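Novice: Structure for the following, please:
(one chain, ligands or ions: 1)
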Amino acid sequence: MHRAVYPGTFDPCTYGHLDIIERAAKLFDEVVVGVLRNSAKTPLFSTEERVNILRKVTEGIPNIRVCSFDGLSVDFVQSCDAQVIIRGLRAITDFEYELQMAQTNRVMAPGIDTMFLTTSLQYAYLSSTTVKEVASYGGDISHFVPPLVAENIMKKISGAL
Ligand code: ADP
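Specialist: Alright, predicted model coming up:
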């Protein structure tokens, strides 16, 4: 079984993340989307909420599994019996950090490779942070996230969730 892990914060997932997930699902037998529990960032959504949202928006893709994890990505990848880490690259600003992470992971776990998928052009500008900022000022986020995600962001911002 050729299995990959797509780790990230996904706070919340955007059409950019979904594009990477759909494309990775075509390249591997199974893709495990790993939602990082102990992020240095303070997330808007709890880990369970991020996992539930991802499960719902990916339910049409049979070879996707969504789990949360703690600690090092390489440990999680090994525990999933996967061989590849998937990351998305949007712009040159992502590159330096991603290269450093990939090289660090390669030293820690030489059996695991990082594969970068370049973002589709229509999502190159998109980040979870921007989406939350636009939403907090009452802007329309329907171009950036699926309807379910937009609904959940609005509920969070209004204090209903
Ligand atoms: P992290 O905190 O690990 O960067 P994110 O949820 O911000 O978690 O991102 C997870 C992965 O998805 C990263 O590889 C990031 O570069 C990628 N990504 C984020 N937004 C996009 C996008 N719009 N298009 C393609 N990849 C993206």
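
Novice: In a strand, V35, correct?
Specialist: Yes. Under DSSP: H, G, I helix; E, B strand; the rest coil, V35 falls within a strand.

Novice: Spit out the contact partners of it.
Specialist: 8-10, 47, 50-51, 54, 66-69 (C-beta atoms under 8 Å, 6 or more residues apart in numbering). C-betas here are computed from N, CA, C, even on glycine.

Novice: again, 6 Å this time
Specialist: 10, 47, 50-51, 68 (C-beta atoms under 6 Å, 6 or more residues apart in numbering).

Novice: when you scan stretch 73-90, is anything in it near the ligand?
Specialist: Yes. Contact of stretch 73-90 with the ligand (C-beta under 6 Å from any ligand atom) involves 87-88, 90.

Novice: again with stretch 10-28
Specialist: Yes. Using C-beta under 6 Å from any ligand atom, we find that stretch 10-28 touches the ligand at 10, 14, 16-17, 20.

Novice: so which strand or helix has L54?
Specialist: Assigned by DSSP states H and E, L54 falls within helix 47-57.

Novice: Which helix or strand lies directly C-terminal to that helix?
Specialist: Next element after helix 47-57 (DSSP H and E): strand 64-69.

Novice: could the residues of stretch 73-90 next to the ligand be laid out in a markdown table, adding pLDDT?
Specialist: Below are the residues of stretch 73-90 next to the ligand laid out as a markdown table (pLDDT from 0 to 100):
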| residue | pLDDT |
| --- | --- |
| R87 | 97 |
| G88 | 95 |
| R90 | 91 |
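
Novice: hey, C-alpha coordinates of stretch 62-76 in PDB?
Specialist: Taking Å, rounded to 0.1, in the frame of the first residue of the first chain, the C-alpha atoms of stretch 62-76 are listed here in PDB:
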ATOM      1  CA  PRO A  62     -12.900   7.200  -0.600                       C
ATOM      2  CA  ASN A  63      -9.100   6.900   0.000                       C
ATOM      3  CA  ILE A  64      -8.900   9.800   2.400                       C
ATOM      4  CA  ARG A  65      -8.600   9.300   6.200                       C
ATOM      5  CA  VAL A  66      -8.500  12.200   8.700                       C
ATOM      6  CA  CYS A  67      -6.800  11.900  12.100                       C
ATOM      7  CA  SER A  68      -5.300  14.200  14.600                       C
ATOM      8  CA  PHE A  69      -1.800  13.800  15.900                       C
ATOM      9  CA  ASP A  70       0.600  15.200  18.500                       C
ATOM     10  CA  GLY A  71       4.300  15.700  18.300                       C
ATOM     11  CA  LEU A  72       6.600  15.100  15.300                       C
ATOM     12  CA  SER A  73       5.200  14.600  11.900                       C
ATOM     13  CA  VAL A  74       7.700  11.900  11.100                       C
ATOM     14  CA  ASP A  75       6.600   9.900  14.100                       C
ATOM     15  CA  PHE A  76       3.000  10.200  13.000                       C
END
